[in-house]
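# sequence and predicted model, in that order:
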Amino acid sequence: KRHWRVNSMPSLTRQQISTLQTIIGKNIPIRKKAKWLVHFAHATGIGSVRSNAVELSITDIETLKGYFVTQRIPLTFEDGDLSTRTTTAKVLSNEKIAQSSVTHCRYLVSTLSDTLHIEKSVLPAGRATDVTLEELLSLPLSRLIIVENLETFLNLRLYSNIQQFADERTLFVFRGMKGCYSTKSLLSLMEQFEGEKIGYFDFDPQGLIQCGHKGFDGVIVPEAGALTRLMMHGHMLSDNDKFTKQHHCTLSFNQERLKTHYEMMCKYKLALSQEYLSAIEAPLDMIALN
């Protein structure tokens, strides 16, 4: 009878568990080459390792099945609710294998007015609020402004150059970043929101290309005239290294309505963060993309 060393077993990803579930379900001998599976075999003693591949016999598969039972891993994902980390924790020792991230289809939003309500609660003006997709879509909105950077988003009430594009039916939405809300969830919102969708990104090659992402109706960028004046007076503090690293992005630029901005960016090697545009109170313009 085989014994596995449970304490030495590394965490499995959801895809790896799915692979092992398939092996158990088919219940036929198999030889599979994968580094993680070799690691798994060494750690648990399940299977034979030969030439960087793992061979699993019928007996090994039965042992693997017993290992799953001992570790409270479902034999199929249908055996448990993996929709959230809380429900996943009931059937798996690693709750992070849940199908969705903690903030899946949740959004950090902000309004500059005090007229928007979710049920009986008023969204506080100038304060970031967490809302679900359903709650957001229920609001009487005509425009969303997607803001790339968190600090800029959290301090919108301080920046008059961005406030000009918002009225009482406008909602600002933080784009999300790794470990803090989800850009994947943003795609769901973009697909379902029927109003106007405006993007506000860093004014750099990568940010300019994002302006052309499917679903945006417009983009907020520095006024071309203001850029010219600032460059002429030597008052523009651009991150040239950032421009150089991102310049390859401009090869896919195809937004005719932003051609002037594109040419200025390339000519002066501009890479301007939202934080910088706020710090100098740069005049901004909203340009339709459709």
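Nice, I can see it.
# any idea of the mean pLDDT in stretch 39-46?
The average pLDDT within stretch 39-46 is 88.
# mind listing what's buried along that stretch?
Neighbour counts over stretch 39-46 (16 or more other C-beta atoms under 10 Å) mark 40-41, 44, 46 as buried. Placement of C-beta: from N, CA and C, glycine included.
# same check on stretch 171-180?
By neighbour count with 16+ other C-beta under 10 Å, stretch 171-180 contains the buried residues 171-176.
# so who does the residue nearest to residue 27 when sequence neighbours are not counted touch?
Counting by C-beta to C-beta, 6 or more residues apart in numbering, residue 27 lies nearest to residue 61, which is 5.8 Å off, once chain neighbours are set aside. By C-beta atoms under 8 Å, 6 or more residues apart in numbering, residue 61 lies in contact with 23-24, 27, 29.
# rerun at 7 Å
Residue 61 sits next to 23-24, 27 when contact means C-beta atoms under 7 Å, 6 or more residues apart in numbering.
# neighbour-wise, which of those leads?
Counting neighbours by other C-beta atoms under 10 Å, the top entry in the contacts of residue 61 is residue 23, with 21 neighbours.
# so where does that residue fall, helix or strand?
In this structure, residue 23 sits in helix 14-26 according to DSSP states H and E.
# and whichever helix or strand comes after that helix, what's buried?
Per DSSP H and E, the first helix or strand lying C-terminal to helix 14-26 is strand 30-32. For strand 30-32, burial by neighbour count (16+ other C-beta under 10 Å) applies to residue 30.
# do the same with stretch 45-57
46-47, 53-54, 56.
# using PDB, write out every CA atom in it.
This file holds the C-alpha atoms of stretch 45-57, laid out as PDB (Å, rounded to 0.1, in the frame of the first residue of the first chain):
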ATOM      1  CA  GLY A  45       4.800   8.700  -4.600                       C
ATOM      2  CA  ILE A  46       1.900   8.200  -7.100                       C
ATOM      3  CA  GLY A  47       3.100   6.900 -10.500                       C
ATOM      4  CA  SER A  48       6.500   6.100 -11.900                       C
ATOM      5  CA  VAL A  49       8.900   8.700 -13.300                       C
ATOM      6  CA  ARG A  50      10.900   7.700 -16.400                       C
ATOM      7  CA  SER A  51      12.600  10.000 -18.800                       C
ATOM      8  CA  ASN A  52      10.900  13.100 -17.400                       C
ATOM      9  CA  ALA A  53       7.500  11.600 -17.900                       C
ATOM     10  CA  VAL A  54       5.000  10.000 -15.500                       C
ATOM     11  CA  GLU A  55       3.500   6.600 -16.000                       C
ATOM     12  CA  LEU A  56       0.300   5.800 -14.200                       C
ATOM     13  CA  SER A  57      -1.100   2.300 -14.000                       C
END
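# tell me the pLDDT at residue 2?
pLDDT, residue 2: 53.
# low-confidence ranges in the stretch 151-290 of the chain?
Residue ranges of the stretch 151-290 of the chain with pLDDT under 70: 179, 211-213, 235.
# tell me where the stretch 51-200 of the chain has strands.
53-56, 106-110, 117-118, 121-122, 129-132, 143-147, 170-174, 196-200 (DSSP state E, counting those that start in this stretch).
# distance to residue 245 added to those, as TSV?
What follows is the strands of the stretch 51-200 of the chain, written out as TSV (distance: least, C-beta to C-beta, whole Å):
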stretch	distance to residue 245
strand 53-56	40
strand 106-110	28
strand 117-118	41
strand 121-122	44
strand 129-132	33
strand 143-147	23
strand 170-174	24
strand 196-200	21
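# and the closest residue to residue 116 other than its chain neighbours, how far is that from residue 111?
Nearest non-adjacent residue to residue 116, counting by C-beta to C-beta, 6+ apart: residue 123, 4.4 Å away. From residue 123 over to residue 111 the distance is 5 Å, taken as C-beta to C-beta, to the nearest Å.
# likewise residue 224?
To residue 111, residue 224 is 29 Å away according to C-beta to C-beta.
# what's the residue nearest to residue 151 when sequence neighbours are not counted in contact with, if anything?
Nearest residue to residue 151, sequence neighbours excluded (C-beta to C-beta, 6+ apart): residue 275, at 6.1 Å. The neighbours of residue 275, taking C-beta under 7 Å, 6+ apart as the test, are 149, 151-152.
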